[in-house]
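**Q** Just need the structure, nothing else, for what follows:
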Amino acid sequence: MVPEVTAVLAASAVEVPIRKTEEPKRQEKGPPPVSKEVPKEKIQQLVEDANTSIRNMSTRLSFTYDSKAERNIIRIVDSETGKVIRQIPPEEMIRLSEHIKEVIGALVDKHA
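**A** Sure, this is the predicted structure:
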């Protein structure tokens, strides 16, 4: 049985019955059931494989702060050549941000 609620509309002063609907029951989600344990030897082998893969990677991370752009910059660098593989944010975005700041500064100076 659903309770009935009466609402008064202020603009027209008309009472309109509103039926409260029941919310659908939510199913609780928990962790999926574990079918069986992984053998300790298998886990050790997976860890060794992961460590070997990481050692074989010839890259390093570089964290810097660009004071002109007022941003932190992360670079993925090839350890052997020193070449930047990826930069976050990209150089183009940093320069665009600097240009936008200059334009905004010029507009503020003109109107001040």
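
**Q** For the protein, which helix or strand comes out least confident on mean pLDDT?
**A** When each helix and strand of the chain is scored by mean pLDDT, DSSP states H and E, strand 4-9 comes last, with a mean of 43.

**Q** what about I74, distance to I88?
**A** 5 Å (CB to CB, to the nearest Å). All C-beta spots, glycine's among them, are computed from the backbone N, C-alpha and C.

**Q** Please disregard the earlier target; I meant Q44.
**A** 34 Å.

**Q** same thing with D49?
**A** D49 is 28 Å from I88, by CB to CB.

**Q** What sits closest to K68 if chain neighbours are left out?
**A** E98 (6.6 Å; CB to CB, 6 or more residues apart in numbering).

**Q** All the strands of this structure, residue numbers only.
**A** Assigned by DSSP state E, the chain shows strands spanning 4-9, 14-19, 59-66, 71-78, 84-88.

**Q** In terms of secondary structure, what does the fourth one contact?
**A** Think strand 71-78. strand 59-66, strand 84-88, helix 91-111 (3 or more CB pairs under 8 Å, 6 or more residues apart in numbering; DSSP states H and E).

**Q** Quick one: closest of the ones you listed to K29.
**A** strand 84-88 (33.5 Å; CB to CB).
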